[in-house]
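> Here's my sequence, what's the structure:
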Amino acid sequence: MKQPRFLIAVAVALFAGQCTWLLDAPLLVEIASEFDISVAVAGQVASANFAAWAISVVISGPLSDSFGRRPVALLGLSLLCIGALASSFALNLPNLLATRVISGLGGGMIPPNSMAAVADVVSPHRRAHTVGRLMAFNTMASVIGIPFLALLAQFGGWRLPFLVIGVVMALVLVLNWFWFPRTESPGSRSLSVFSRYRELLSIPIFRTAFAVNLTQRMAFFGLSGYLAAYLIDTYDISLAQVAIPLAVVGVGRVIGSYFAGPVGNRSDRMTVISVASLTGGAVALLLLSIDIQMWSVVGLATVSVGLLSIGWPVFMTFGTEVSDRSKATAVGLLGASNQVSGVCGAGIGGVLLASFGFPGIGYLCLTTVAVSSVISAFFMRESKAAEKFTAD
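Now for the predicted structure:
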């Protein structure tokens, strides 16, 4: 196996899968218009996709660990391709909901399986750096991929982006067919979902890592989820005008993911992540609480999102380090914590927004990263205890 080819195949699969996952949002107005429904009803298309993705990301880890990385990669990419192409020909809303469920089931297989495959073939001292680069490339989907697909929709209608991404997924499938390694899985051939999760959750440092990631990502999703509304409400700009500021903020996410590589190889990585997240939470509270020029807000948001993006790739790498033969299950479980934090960030953020205005979102960000820092202290203590136990 040629490792560079394999990493390229994984990178394009992650990028294309992320584009497919995020594609619904810019198309909802046109979908609602064609099917003569409200935008709120059309939004259920995205909900169906996200729900299927959340289920798949939990199940696909044990599938990958039990039956091998290659079959899961090809199955996930096939479902993504079929779902996208079928979406472009959907005759009504139920058809579109069904095709987006197919896409979600396929898309949820890609991240945990890909990260586990990378952990299988990349040496431990290069693993954090490699994962950080892959995640940085993956996040470029929100900066480049989605704006490009939205532009296609403006000229060719909402079906064209689905058709284009379906063709792209077919090409990605071919690429992975030839470049994804054919090694056999060392795990059991039985689908031991609950036993794998039970084994992982019995590890104290994995439980604390799960909790740290959950709380930090609540801050990330809280800021990311309400930033557009804050800019529109505060500076009286349109939805089209907010696209460029959001793309700029997306660059911060790319940079943060990239720097996760060097951070992940440090012995004091948990301290660095805690300081970065606390700073990111404080900056989030600041930008949502003071009256400053819009592009200053965008600059601060870029810094905040970048700092809050460092931890996630590091925790994925950590999950592969402690999970032995359940690497994909570990990444999938951490991925599920992302889904939960997204729901909590949006839900709690909404309550705080109604009670305190947009500064309430800042309070959420700072509080959750403060909680994550407290948990991190226990994380480091448990880690040192585990190292001492191993040495003894």
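> helices or strands up against the helix or strand where E30 lies?
Applying DSSP states H and E as the criterion places E30 in helix 28-35. Using 3 or more Cβ pairs under 8 Å, 6 or more residues apart in numbering; DSSP states H and E as the contact criterion, the neighbours of helix 28-35 among helices and strands are helix 39-42, helix 44-67, helix 93-107. All C-beta atoms are positioned from the backbone trio N, CA, C, and that covers glycine.
> tell me which residues in that helix are buried?
L28, I31, A32, E34, F35 (16 or more other Cβ atoms under 10 Å).
> Quick check on M109: phi, psi?
In terms of degrees, to the nearest 10, the main-chain angles of M109 are phi -80, psi -30.
> count of residues packed around it?
M109 has 30 neighbouring residues, counting by other Cβ atoms under 10 Å.
> contacting residues for F194?
By Cβ atoms under 8 Å, 6 or more residues apart in numbering, F194 lies in contact with nothing.
> In which helix or strand does it reside?
When elements are assigned from DSSP H and E, F194 belongs to helix 193-201.
> by how many degrees do that helix and helix 44-67 diverge?
Here helix 193-201 runs at 80 degrees with respect to helix 44-67, directions being taken by axes from the mean of the first three to the mean of the last three Cα atoms, to 10 degrees.
> which strands and helices sit next to the helix or strand that comes right after helix 193-201?
From helix 193-201 onward toward the C-terminus, using DSSP H and E, the following helix or strand is helix 204-235. Applying 3+ Cβ pairs under 8 Å, 6+ apart, one finds that helix 204-235 makes contact with helix 193-201, helix 243-264, helix 269-289, helix 294-308, helix 311-322, helix 327-356, helix 359-391.
> average pLDDT for helix 204-235?
Here helix 204-235 scores 86 as its mean pLDDT.
> Could I get the buried residue list for that helix?
Within helix 204-235, the residues that qualify as buried by neighbour count (16+ other Cβ under 10 Å) are 205-224, 226-228, 230-231.
> tell me the angle it makes with helix 269-289.
20 degrees.
> next one: helix 204-235 to chain centre, how far?
In this view, helix 204-235 has its centroid 12 Å away from the chain centroid, taken as Cα atoms, centre = their mean, to the nearest Å.
> what's near enough to touch A48?
Going by Cβ under 8 Å, 6+ apart, A48 touches L97, R100, V101, G104.
> Kindly present these as a markdown table, with separate columns for neighbour count, pLDDT and distance to A13.
Shown next, in a markdown table, are those (neighbours: other Cβ atoms under 10 Å; pLDDT from 0 to 100; distance: Cβ to Cβ, whole Å):
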| residue | neighbour count | pLDDT | distance to A13 |
| --- | --- | --- | --- |
| L97 | 17 | 93 | 24 |
| R100 | 30 | 93 | 19 |
| V101 | 20 | 93 | 20 |
| G104 | 26 | 90 | 16 |
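> Count the residues that sit near E199.
Counted with other Cβ under 10 Å, E199 comes out at 17.
> which residues touch it?
Remark: with contacts taken as Cβ under 8 Å, 6+ apart, E199 is in contact with S326.
> For V322, see how far away it is.
When distance is defined by Cβ to Cβ, to the nearest Å, E199 is 11 Å away from V322.
> between the buried residues of helix 28-35, which is nearest W177?
For those, the closest approach to W177 (Cβ to Cβ) belongs to I31, at 32.1 Å.
> okay but the closest one is in contact with V41, surely?
No: I31 is beyond contact range of V41, at 9.5 Å (criterion: Cβ atoms under 8 Å).
> which intervals of the stretch 151-300 of the chain have sub-threshold pLDDT?
Along the stretch 151-300 of the chain, segments meeting pLDDT under 70 span 183-193, 239-240.
> how about a cut-off of 90?
Under the criterion of pLDDT under 90, the regions of the stretch 151-300 of the chain flagged as low confidence span 151-157, 179-211, 213, 221-234, 236-250, 253-254, 257-271.
> This protein - how does it break down into domains?
The record, using automatic domain parsing to delimit domains, assigns the chain the ranges 3-179, 197-391.
> re earlier: okay if I get the helices and strands packed on helix 204-235 as JSON lines plus distance to P161?
Formatted as JSON lines, the entries for these read as follows, by distance: least, Cβ to Cβ, whole Å:
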{"stretch": "helix 193-201", "distance to P161": "34"}
{"stretch": "helix 243-264", "distance to P161": "15"}
{"stretch": "helix 269-289", "distance to P161": "31"}
{"stretch": "helix 294-308", "distance to P161": "25"}
{"stretch": "helix 311-322", "distance to P161": "27"}
{"stretch": "helix 327-356", "distance to P161": "23"}
{"stretch": "helix 359-391", "distance to P161": "30"}
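> Select, out of those, the one closest to A73.
Counting by Cβ to Cβ, A73 lies closest to helix 327-356 out of the helices and strands packed on helix 204-235; the figure is 10.5 Å.
> Please name every helix or strand in contact with the closest one.
With contacts taken as 3+ Cβ pairs under 8 Å, 6+ apart, helix 327-356 sits against helix 44-67, helix 110-121, helix 193-201, helix 204-235, helix 311-322, helix 359-391.
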